[in-house]
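Trainee: task: produce atomic coordinates for the following.
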Amino acid sequence: MALSVNDHKIGNLISATKSLKLSLDKSKALGLALERSGPRLEEISLRLPSLGAAVRPIRAEKEALVAVGGHINRAVSPAAAVLKVFDAVHGLEKSLLSDPRNDLPGYLSVLKRLQEALKFLGDNCGLAIQWLEDIVEYLEDNMVADDRYLSNLKSSLKNLRELQNDGERAHLDGGLLDAALDKLENEFRQLLTEHSVPLPMSSSSALAEQACIAPSPLPVSIIQKLQAILGRLIANNRLEKCIVIYVEVRSSNVRASLQSLNLDYLEISVSEFNDVQSIEGYIAQWGKHLEFAVKHLFEAEYKLCIDVFERMGLDVWMGCFAKIAAQAGILAFLQFGKTVTESRKDPNKLLKLLDIFASLNKLRLDFNRLFGGAACAEIQNLTRDLIRRVIDGAAEVFSELLGQVELQRQTSPPSDGSVPRLAIFIIDYCNKLLGDDYKSILTQVLVIHRSWKHEKFRERLLINEVLNIIKAIELNLAAWEKAYGEDLILSNFFSMNTHCHLYKHLKGTRVGDLLGDSWLKEHEQSKDYHAAVFLRESWGKLPSHLSREGLLMFSGGRATARDLVKKRLKAFNEAFDDMYTKQSNWIILEKDLRERTCQVIVQAVVPVYRSYMQNYGPLVEQDASSAKYAKYTVQTLEKMLMSLFLPKPVRYGSFKGRQPSGKFNNGVADLRRTASAVV
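Mentor: Numbering: from 1, shown residues only. Down below sits the predicted model:
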């Protein structure tokens, strides 16, 4: 009994132990499960707010939930269309980054499509953004979406709106349009550069061979390409850049055409101008070069500007041409003319100014047509200023000429009896003023100058002024003739010279015709009279030293005759040497007068000397001192006499041309001075 009870207690204890162990195992398993579930619970805890927000729309009003779909569809459709076009824009990238030269029409077509696409994007991006903003506002007002989600949407839309306001095109195409336009600009420059070829000229002599008006220097096909490119560039506000390129290339081409003409003289300064002896040659070149530049180069550029830019309007193509003309050198031509007007005032300056006026007047219609637009205002102003300077300067020099000639009257005459340079210059000068080359030009200048003063000009005023200048020279010559005083030989030699020059250089000229035949004949007669007096008072007296008196019959014997011959030969030699030495420095510029005078002297002296030496020379030739008396052979004497009165080549050059120095050298007075030497 007792055993069974104990067995029963042990069995309960074992059972209890097992139960306790099972409970412990279950506790451990539960602990492990709880340990594993902690993070999951924490994750669930974190997700609960977003889950709540996601579930929140379910609690929105039924009408709001039903309407939200339509709002979303209306907002998404424009946005989808914009995105589709945006994708198409990027599809054009390969074509637009290629070389336009390969297919210019195709390139321009693709570029046009790009611009149309960008216009669509520019017009519709704002609409799409507006629709998206509306749906966000609807979602917010009806609490259909999460606040954080709405905040992100608002931020994105704000960025889009800012991009749109900041010029969305650059962001829409990634700079593709600007890159394409840059390529078109380069193609515009290359087309111009490749077909802008300077005129082929080896020298200035080629000027005469050029056509009167140069043709358009670019082929029609190239002009059409340039216009097509311009159309696209102008549509994108790049006209000014095109003009800069065009002016740069075409003005450079004009300068290259002019380069072979050697236009360095255009840069000459006023101080250099006064010292350059060949300045008249420069002025002649200037006239030819200016005419060539205007009629050939600028005429061609004028036409080309019309051809290329005509569709852009008058202001555009005229402005373009004005810049080309200014940069290519027209201003340098006008500045050279101004330099001439600022140079030292002298009689030759009048002819220089008349040459400049003639060149400008010849091109007057061309200047008015080419440079008459408002864009050429600078060229117009400089041209008007130059013309005014030329006319005022020419009128001033002409009006002062008579007074300057009269101022020379108190100076001394030439010591060599030659024609004063003043007389030579003025006679030639007056012949030019009334000659075919200058009379009409000078008349026109004086007419304009008088009109500015509201005065009338009559042609007779010009003629009278020139004749008064000639008469002033006459009075000067008369005063200088008297200035030799008691030296009648030199006085008559001088008068012979001057009367001959007046007669010879005025006969057959317009000035001589105005003076009349009687005036000319008077000077011819005066020349002959003074020549006769000169011969009689000088060389005509030499034969008297070779008198035969007392020698005919040798009445005193041979020795006496020899002494008499020696005496007379000695007197002849002394008189000859004295006269020859004195007159060997005298000058006759006119060749025919010089030769005729020398021949008359030879005829007066040599035959008498030859006869005397033939008859009486043997009396002294056998004498030991014969060389002292028979000093000259007949041939030597004749040669010496025929060599008289030759001009000195260095000191006495030709006065047919214009004086290089700008002064009345030896009678050609500097107009700034009151007097100068005649010699």
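Trainee: okay, CA-based contacts and neighbour counts for the rest of this
Mentor: OK.
Trainee: and residue 224, how far from residue 190?
Mentor: Counting by C-alpha to C-alpha, to the nearest Å, the separation of residue 224 from residue 190 is 14 Å.
Trainee: can you list the buried residues in stretch 396-414?
Mentor: 397-398, 401-402, 404-409, 411-414 (16 or more other C-alpha atoms under 10 Å).
Trainee: let's see which of the residues you listed end up in helices.
Mentor: Here DSSP state H is the test, and these give 397-398, 401-402, 404-407 as lying in helices.
Trainee: and the next helix or strand past the worst-scoring helix or strand of the chain on mean pLDDT?
Mentor: Sorting the helices and strands of the chain by mean pLDDT, DSSP states H and E puts helix 168-172 at the bottom, at a mean of 47. Helices and strands here follow DSSP states H and E; after helix 168-172, the next one along the chain is helix 176-195.
Trainee: next SSE after that following helix?
Mentor: Sequence order places helix 220-235 as the next helix or strand after helix 176-195, per DSSP H and E.
Trainee: packing partners for whichever helix or strand comes after that next one?
Mentor: Downstream of helix 220-235, the next assigned helix or strand under DSSP H and E is helix 239-259. Helices and strands touching helix 239-259, by 3 or more C-alpha pairs under 8 Å, 6 or more residues apart in numbering; DSSP states H and E, are helix 176-195, helix 220-235, helix 314-328.
Trainee: how does it look with 10 Å?
Mentor: The elements that helix 239-259 packs onto, with contact taken as 3 or more C-alpha pairs under 10 Å, 6 or more residues apart in numbering; DSSP states H and E, are helix 176-195, helix 220-235, helix 299-309, helix 314-328.
Trainee: what mean pLDDT does it get?
Mentor: Taken as a whole, helix 239-259 has an average pLDDT of 92.
Trainee: kindly export stretch 179-195 (C-alpha atoms) in CSV.
Mentor: The C-alpha trace of stretch 179-195 is given here as CSV (Å, rounded to 0.1, in the frame of the first residue of the first chain):
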residue,chain,number,x,y,z
ALA,A,179,25.0,75.2,-83.0
ALA,A,180,23.1,74.9,-86.3
LEU,A,181,22.9,78.6,-86.7
ASP,A,182,26.7,78.9,-86.1
LYS,A,183,27.2,76.4,-88.8
LEU,A,184,25.1,78.5,-91.2
GLU,A,185,27.1,81.6,-90.3
ASN,A,186,30.3,79.7,-91.1
GLU,A,187,28.8,78.5,-94.4
PHE,A,188,27.8,82.1,-95.2
ARG,A,189,31.4,83.3,-94.6
GLN,A,190,32.9,80.4,-96.6
LEU,A,191,30.7,81.0,-99.6
LEU,A,192,31.6,84.7,-99.6
THR,A,193,35.3,84.1,-99.1
GLU,A,194,35.6,81.4,-101.8
HIS,A,195,33.9,83.6,-104.4
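Trainee: re the thing from before, just put the helices and strands packed on helix 239-259 in TSV and tack on distance to residue 497.
Mentor: Converted to TSV, those look like this (distance: least, C-alpha to C-alpha, whole Å):
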stretch	distance to residue 497
helix 176-195	66
helix 220-235	70
helix 299-309	54
helix 314-328	54
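Trainee: between these, which one is nearest to residue 585?
Mentor: Closest approach to residue 585 among the helices and strands packed on helix 239-259 (C-alpha to C-alpha): helix 314-328, 56.0 Å.
Trainee: show me which parts of the closest one are buried, residue by residue.
Mentor: For helix 314-328, by 16+ other C-alpha under 10 Å, it's 316-325, 327-328.
Trainee: where does the stretch 201-350 of the chain have low pLDDT?
Mentor: Along the stretch 201-350 of the chain, the parts satisfying pLDDT under 70 run over 201-216, 274-278.
Trainee: repeat the analysis, applying 50 as the threshold.
Mentor: 204-205, 208-209, 211-213 (pLDDT under 50).
Trainee: returning to that earlier point: and which of the ones in helices among the buried residues of stretch 396-414 is nearest residue 637?
Mentor: Ranked by distance to residue 637 (C-alpha to C-alpha), these are led by residue 405 at 41.6 Å.
Trainee: contact partners for residue 333?
Mentor: Residue 333 makes contact with 263, 265-267, 286-287, 289-290, 293, 383, according to C-alpha atoms under 10 Å, 6 or more residues apart in numbering.
Trainee: could you export these as TSV, including distance to residue 235?
Mentor: Converted to TSV, these look like this (distance: C-alpha to C-alpha, whole Å):
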residue	distance to residue 235
263	41
265	45
266	42
267	42
286	44
287	44
289	40
290	39
293	35
383	37
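Trainee: could you tell me which of the residues you listed belong to strands?
Mentor: Judged by DSSP state E, the contacts of residue 333 include no members of strands.
Trainee: filter those residues down to the buried ones.
Mentor: Among the contacts of residue 333, those scoring as buried are 263, 265-266, 286-287, 289-290, 293, 383 (criterion: 16+ other C-alpha under 10 Å).
Trainee: related to what we said a few turns ago, what is the nearest of the buried residues of stretch 396-414 to residue 105?
Mentor: Distance to residue 105, by C-alpha to C-alpha, is smallest for residue 397 among these, at 64.5 Å.
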